[in-house]
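> With the sequence up front, the predicted model follows.
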Amino acid sequence: YGVRLKLGWHGYLRRDPSALLHLEPGRQDPYPLYEQVRARGRVSTTPLGNLITVDHEVCNQVLRSRDFVAAEDNNDDHQLSLLDMNPPDHTRLRRLVAPDFTAKRVTRFTPQIEQVLAQLIKKVPRDRPFDLVSEVAAPLPIAVITELLGIPDANAEEFAHHGQEFGSALGGIQSLSHARRLAATRKRLAEIFTEVFELRRREPSDDVIGRIVAEDSPVRPDELVPLCTLLLIAGFETTVNLIGNTVLALLSNPDQWQLLTDDPDLADKAIEEGLRYDSPVQRTGRLATTDTELAGRPVKAGEWILTAIGGANRDPRVFTEPDRFDIGRDNADDHLSFSGGIHYCLGAALARLEAGIALRTIATEFPDLQLAGDRRRRPGSLIRGMQYFPVQAPKLR
Ligand code: HEM
């Protein structure tokens, strides 16, 4: 079918040694599996012969070390840009887009985030359950990244549709018809981006796209679409789950929800604990470039190590009572949910801003929010989040 879409960030699913995680119990609740891995030692070998770690210190070391690199994918069509790249190419691209994503720069989106949320909240029914994901958590990051990438209003809806379709591949390809739809989607997204590139070449602007297509831009023409696609998917597929997972953890721990509704300014702390407790990206991986050692265990050049972020975030050596969701925790931000080292999440500040405002708004508008029926998780186990998350807000404030 001419579709060799990667089955996850860095092609992890292709190499993923922890097959257990893909089975239904692992998808519903991976945390007991991480404890099985922890019991085997700080670094252990999987049945497929790869290395795996749920140890916070080892994960951190691997992600920051120059002895371990991201796996490059030579198939230009499907590379995920920065994530798949290593210096010096990685540095060349990252430097160019980074200024738009600093904590200071992203605050320019605050009014827009508040406005989008106000509109979404207004539409939510007060007399029956609604899906928190499709009604609130998903449309917000979509609106923000569409604006950030400067997609014209006329294309915004179609762009959102294709972006969601494309992002769904992160959860794995479900069927041949899914694969065919993805190929068409990828083509259409590339067309929309190409139109935006032409527009920005005609009317230069000092934003991400303006800069990457400028005459003196160091980005090669064939790198443009993959870079924008990464920004799009990373913006679409992660923040939605951070909002959903944190609201679920709060509603499942009513004392914590009460703390937040009493003081909605705790929203940022709750988001940080949400990141730690139930990370939207559960793992990543690196390739050893040289013979080295990890936690006393020899590692050979060419060995692949899976860094299970979701497990590292529950490491009892770093977090007391790691399985407890506690928005008052003072070191929640030691989590590795945004990875570390040169691939540290470019969108971390934006994700924190969006999710923080969203949670503050939800806690203020719906202090009586309740779980309302059966939820459905996303397919796949790399990205952790809810696909369908019914809640109900009984009282109007
Ligand atoms: C990289 C998580 C939101 C853009 C990463 C990585 C993680 C991550 C774990 C690194 C993977 C690795 O080390 O192999 C998250 C989470 C988010 C989030 C949990 C939300 C809760 C965003 C947003 C954007 C974004 C909103 C942009 C709009 C990126 C980019 C990279 C990245 C471009 C690649 C950076 C590089 O390789 O240099 N993210 N992300 N992310 N993220 Fe995010």
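Thanks, I have the structure now.

> Other residues contacting stretch 323-339?
Here stretch 323-339 makes contact (C-beta atoms under 8 Å, 6 or more residues apart in numbering) with 31, 56, 59-60, 63, 249-250, 252-253, 256, 259-260, 266, 269-270, 272-273, 275-277, 279-281, 284, 307, 309, 312-314, 318-319, 344-345, 348, 351. Glycine gets a C-beta too; all of them are placed from N, C-alpha and C.

> filter the residues you listed down to the ones close to the ligand.
Among the contacts of stretch 323-339, the residues that sit close to the ligand (C-beta under 6 Å from any ligand atom) are 63, 280-281, 284, 345, 351.

> Can you select the buried ones from those in ChimeraX?
This is the ChimeraX syntax for the buried subset of these, where burial follows 16 or more other C-beta atoms under 10 Å:
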select :63,280,281,284,345,351
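
> Where does the closest residue to residue 165 other than its chain neighbours sit, in terms of helix or strand?
Once flanking residues are discounted, residue 165 sits nearest to residue 185: 4.6 Å by C-beta to C-beta, 6 or more residues apart in numbering. According to DSSP states H and E, residue 185 maps onto helix 176-202.

> Off-centre distance for that helix?
On the basis of C-alpha atoms, centre = their mean, to the nearest Å, helix 176-202 sits 21 Å off its chain's mean C-alpha point.

> any idea how far the helix or strand that it is followed by is from the chain center?
As assigned by DSSP H and E, the chain's next helix or strand after helix 176-202 is helix 208-213. Its chain's C-alpha centre and that of helix 208-213 lie 23 Å apart, by C-alpha atoms, centre = their mean.

> residues from the protein in reach of the ligand?
Going by C-beta under 6 Å from any ligand atom, the residues of the chain near the ligand are 10, 63, 82-83, 94, 145, 230-231, 234-235, 238-239, 242, 280-281, 284, 337-339, 343, 345-347, 350-351.

> Just the ones of these in helices?
Of the residues of the chain next to the ligand, the ones assigned to helices by DSSP state H are 63, 94, 145, 230-231, 234-235, 239, 242, 350-351.

> so which one among these has the lowest pLDDT?
Confidence by pLDDT is poorest for residue 235 among these, given 84.

> so what's it closest to, chain neighbours aside?
In this structure, residue 235 finds its nearest non-sequential neighbour in residue 145, 3.3 Å apart by C-beta to C-beta, 6+ apart.

> Remind me which helix or strand residue 128 belongs to.
Using DSSP H and E, residue 128 sits within no helix or strand.

> Could you measure from the residue nearest to residue 235 over to residue 108?
Counting by C-beta to C-beta, to the nearest Å, the separation of residue 145 from residue 108 is 14 Å.

> So between these two, which is more surrounded?
Using other C-beta atoms under 10 Å as the criterion, residue 145 and residue 108 rank with residue 145 on top: 24 against 11.

> you'd agree that one is up against residue 233?
No - using C-beta atoms under 8 Å, residue 145 is not in contact with residue 233, being 9.3 Å away.

> shared neighbours of those two, anything?
Residues touching both residue 145 and residue 233 (C-beta under 8 Å, 6+ apart): residue 163.

> re earlier: quick check: ChimeraX command selecting the buried ones in the contacts of stretch 323-339.
This is how ChimeraX selects the buried members of the contacts of stretch 323-339, with burial counted by 16+ other C-beta under 10 Å:
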select :31,56,59,60,63,249,250,253,256,259,260,266,269,270,272,273,275,276,277,279,280,281,284,307,309,312,313,314,318,319,345,348,351
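
> Let me see the contact set for the residue of the chain at minimum distance from the ligand.
Using C-beta to the nearest ligand atom, the closest approach of the chain to the ligand is made by residue 347 at 2.0 Å. By C-beta under 8 Å, 6+ apart, residue 347 lies in contact with 101, 231, 234-235, 238-239.

> same deal with residue 376?
Contact analysis of residue 376 by C-beta under 8 Å, 6+ apart lists 386-389.

> Quick one: residues contacting residue 132.
243-244, 247, 386, 389-391.

> pLDDT wise, what is it at?
Per-residue confidence (pLDDT) for residue 132: 97.

> which residues of the stretch 251-397 of the chain score low on pLDDT?
Within the stretch 251-397 of the chain, the stretches with pLDDT under 70 are 395-397.

> Mind jotting down where the helices sit in it?
Here the stretch 251-397 of the chain has its helices, by DSSP state H, counting those that start in this stretch, at 254-262, 267-277, 309-312, 348-365.
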